[in-house]
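> Pasted the sequence and its predicted model underneath.
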Amino acid sequence: MAGQGDEAADWLDQVFEQLRGLTDQAIAVVAAAAPPTDVAEAEKRARARRGWNERRRS
């Protein structure tokens with residue numbers, strides 16, 4: 001039984017390490033993005049991002 005717990009802990013460590021890596025990549029992409037030139041552009045990006053998140057959840 002203890003072996004299964006160790007396997008689960010190892011698996012979770014791998015999953016969270018991947019998540020950390022993907023999060024770091026996402027932060028780097030956002031940080032490197034040029035700021036919007038105006039408010040309308042910022043709103044357009046926000047709407048696009050919201051739509052993408054909604055599609056991803058369904």
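Thanks, I have it. Residues are numbered from 1 along each chain as shown.
> Relative to residue 32, how far out is the residue most central in space within the chain?
For the chain, residue 23 is the residue whose C-alpha lies nearest the centre (Cα atoms, centre = their mean; 5.0 Å). From residue 23 over to residue 32 the distance is 15 Å, taken as Cβ to Cβ, to the nearest Å. (Glycine included, C-beta is placed from N, CA and C.)
> Report the separation between the residue nearest to the centre of the chain and residue 16.
10 Å.
> for residue 28, same thing?
19 Å.
> cool, residue 49 as well?
Using Cβ to Cβ, one gets 25 Å for the distance from residue 49 to residue 16.
> what's the answer for residue 47, then?
32 Å.
> Next: residue 10.
Going from residue 10 to residue 16 by Cβ to Cβ gives 11 Å.
> Off-centre distance for the helix or strand hosting residue 15?
Under the criterion of DSSP states H and E, residue 15 resides in helix 2-32. Remark: helix 2-32 is offset 11 Å from the chain centroid, using Cα atoms, centre = their mean, to the nearest Å.
> Let me know the average pLDDT across that helix.
For helix 2-32, mean pLDDT rounds to 92.
> Just to check, residue 45 is in contact with residue 37?
No. If you go by Cβ atoms under 8 Å, residue 45 and residue 37 don't touch, sitting 11.0 Å apart.
> Comparing those two, which residue is more hemmed in?
Between residue 45 and residue 37, residue 45 has the larger neighbour count (other Cβ atoms under 10 Å), namely 12 against 8.
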